[in-house]
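[1] Give me a model of this one.
(2 chains)
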2 protein chains.
Amino acid sequence: MSKSELPVIGQDDQVACCSPMVREPLGEEDAVDLAKMFKALSDPIRLRLLSLIASYEGGEACVCDLTGPFDVSQPTISHHLKVLREAGLVGSERRGTWVYYWVLPAALARLSSLLQAPAVAEPAGAVR
Amino acid sequence: MSKSELPVIGQDDQVACCSPMVREPLGEEDAVDLAKMFKALSDPIRLRLLSLIASYEGGEACVCDLTGPFDVSQPTISHHLKVLREAGLVGSERRGTWVYYWVLPAALARLSSLLQAPAVAEPAGAVR
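    Presented below is the predicted three-dimensional model:
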C-alpha cells in the first residue's frame, strides 16, 4: 500500500476519537491508560525526540539522525525511544543497519482531544 | 468582572497559542516547561481529578466534592491537587471553609495544540 492510499487523519477524526476531559469525567481504566502516555511525555528529552521525529521530512526519522541534537549518549536516546514506543506514541522498523521511527498520529490525536480546553474562561473572581 | 464579560477561549486561540510539535522541533526550554506539565498528568488520580474539576457544573469544584469518587485519603487528594496547581493546570481559591479549584483553559489549550497530530497517517510499510 503506497503512502498516498493511507487514510488522512484530520481534525474531525481527532474530535470524534475521544471526548475532551472537560465534557465528562474520565473513567478509571482510561485514566490508567492515558497516564502511561503522559508519563512518556514527562521527560524533556523524550518530548524533543518525539517532536524531532514528527517534524522530520516524510514523518519518520532514522535513529542515526536523532542523537546529534542531544547532549546524551546513544544508549540513553535508545532508552527514551523505547519508552515512547512502549507508550504507543511512536512506531519503529529496522531497515538494514538502522531503526526508523515515526509518530503514531492516532495516539497524539487521542491526547490532544482529551486536553481540549473548555470554551469559557475561568470563573469570575478567580485569584491565582 | 462578571463571568459573561470574560474572554472566550476558542479553537482559533488554541491553534494560535502554540505550534504543534509535528510542525517544528521543540526547543530545550519549552521542553523542560512542558515536561513538568505532562508529569503532573502522568498519574491516573490526577488525570481523573483534573477531568472531574473541568467537567463540574460551572467549571469549578469544591475540594469537598473531590474526595468522594476516589478510594484515597483527603490528604492524598490535597497532595495531587497541589501538584496540578504547581504545574499551572488548575487555579484555586479559599472561600470560607473550603478551597475551590478550576481548570486553567490556556494551559490545557497549550498542551492540546502541541499534540495536534500530523495530517497524514504513518509511512507505508510501517510495522508495529
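
[2] pLDDT wise, what is residue A:22 at?
    Residue A:22 carries a pLDDT value of 70.

[3] measure the residue lying closest to it once chain neighbours are set aside to residue A:20 for me?
    Distance criterion Cβ to Cβ, 6 or more residues apart in numbering or on different chains; nearest residue to residue A:22, sequence neighbours excluded, is residue B:54 at 3.9 Å. Every residue, glycine included, has its C-beta placed from N, CA and C. Residue B:54 sits 8 Å away from residue A:20, going by Cβ to Cβ, to the nearest Å.

[4] Who has more neighbours out of those two?
    Between residue B:54 and residue A:20, counting by other Cβ atoms under 10 Å in any protein chain shown, residue B:54 is the more crowded of the two (28 against 20).

[5] By mean pLDDT, flag the weakest helix or strand of chain A.
    Sorted by mean pLDDT, DSSP states H and E, the helices and strands of chain A end with helix A:11-17, the least confident at a mean of 41.

[6] Do a quick rundown of the strands in chain A.
    Ranges of strands in chain A, per DSSP state E, are A:60-62, A:90-95, A:98-103.

[7] May I have the distance across stretch A:59-79, first residue to last?
    This stretch, stretch A:59-79, spans 21 Å end to end (Cα to Cα, to the nearest Å).

[8] hang on, I meant stretch A:91-100
    OK, stretch A:91-100 end separation, Cα to Cα: 8 Å.

[9] check whether that stretch contacts chain B.
    Yes: with Cβ under 8 Å from any Cβ of the partner chain as the criterion, chain B is reached by stretch A:91-100 at A:91, A:93.

[10] Would you check that my belief about residue A:112 contacting residue B:108 is correct?
    No: Residue A:112 lies out of contact with residue B:108 (Cβ atoms under 8 Å); the separation is 10.4 Å.
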